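[1] Below are the sequence and a predicted model for it; my questions follow.
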Amino acid sequence: MRQPIIAGNWKMHKTVAEALAFVEAIKPELAGATAAETVICAPFTALASLAEAVKGTPIRIGAQDLFWEEQGAYTGEISPLMLKELGVSYVIVGHSERRQYFAETDETVNKKVKAALKHGLVPIVCVGETLEQREAGETFQVVEQQTRLGLAGLTAEQVAGLVIAYEPVWAIGTGRTATDADAEEVIAYIRGVVNDLFGAEAAERVRIQYGGSVKPDNIAGLLAQPNIDGALVGGASLDPVSFIALVRR
Ligand SMILES: O=C[C@H](O)COP(=O)(O)O
């Protein structure tokens with residue numbers, strides 16, 4: 001049985017003070033056990049303070065990117081060791097915004113996934129097609145290639161322990177969510193790809209989230225699908241009331 005995982009991706013939002021105010025607002029609400037694992041993926045600048053603030057709670061902290069080397073002359077980059085030291089547990093890799101604006105490729109995604117795993121960080125590996133690709137009937141081909149190349153060279157055990165996020169690019173920040181059935185169909189397909197590449201146990205254990213305009217009023221239908229194990233949420237994760245509604249259902 002896979003535990004659902006609800007991860008907020010704050011993107012480039014919230015100062016340290018705002019991040020701490022958010023966590024103080026949700027802490028009392030999440031004091032008891034929740035069915036879903038709760039993760040906040042914050043900007044680098046807020047990670048240390050957040051990791052400290054959530055100690056002793058079930059909330060886990062994630063970063064939104066990392067570099068694959070441990071140290072060196074890579075101006076502006078952050079290494080897995082640096083994240084680990086802060087108490088970060090998760091790291092988003094290959095978000096479509098990084099693929100679109102920062103030249104992320106399936107090859108760099110793969111390097112980052114390996115670096116995260118090597119240092120005990122759980123990667124949330126993002127895959128998903130653009131509107132153009134969907135309209136050209138290329139959705140399955142695109143997610144298959146991103147999954148195959150992004151996870152290349154991993155062991156079945158490593159794949160079983162990571163998280164994949166299916167985020168159709170046309171659904172991100174647009175208010176246009178994939179239907180429950182569409183999201184389930186693609187996510188089931190991705191699970192099938194994992195089965196072909198890494199075997200039945202990895203496919204059964206790997207958690208696959210849906211992301212793209214998830215809100216408190218549409219999350220229940222998505223999570224009711226047999227292959228959807230949670231959500232990666234952008235806009236609706238920024239407000240404490242809305243985030244609590246996503247996590248505590
Ligand atoms: O990582 C999160 C996704 O990009 C979804 O963003 P959104 O919920 O604002 O559509």
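    Everything's here; your move.

[2] For Ala21, give me its contacts.
    Applying Cβ atoms under 8 Å, 6 or more residues apart in numbering, we find Ala21 in contact with no residue. Glycine gets a C-beta too; all of them are placed from N, C-alpha and C.

[3] helix, strand or coil for it?
    helix (DSSP: H, G, I helix; E, B strand; the rest coil).

[4] what's the answer for Ile40, then?
    At Ile40 the chain is in strand, as set by three-state DSSP.

[5] What spatial separation is found between it and Ala200?
    32 Å (Cβ to Cβ, to the nearest Å).

[6] Same drill for the two, tell me which one is more crowded.
    Ile40 (26 against 10; other Cβ atoms under 10 Å).

[7] Nearest spatial neighbour of the more buried one, chain-adjacent residues omitted?
    Nearest non-adjacent residue to Ile40, counting by Cβ to Cβ, 6 or more residues apart in numbering: Gly8, 5.0 Å away.

[8] residues in contact with that neighbour?
    Val39, Ile40, Cys41, Val233, Gly234, Ser237, Leu238, Phe243, Leu246.

[9] so what's the residue in the chain that the ligand sits nearest to closest to, chain neighbours aside?
    As assessed by Cβ to the nearest ligand atom, the ligand sits closest to Gly234 within the chain, at 2.4 Å. Distances taken as Cβ to Cβ, 6+ apart place Asn9 nearest to Gly234, at 5.2 Å, with adjacent residues excluded.
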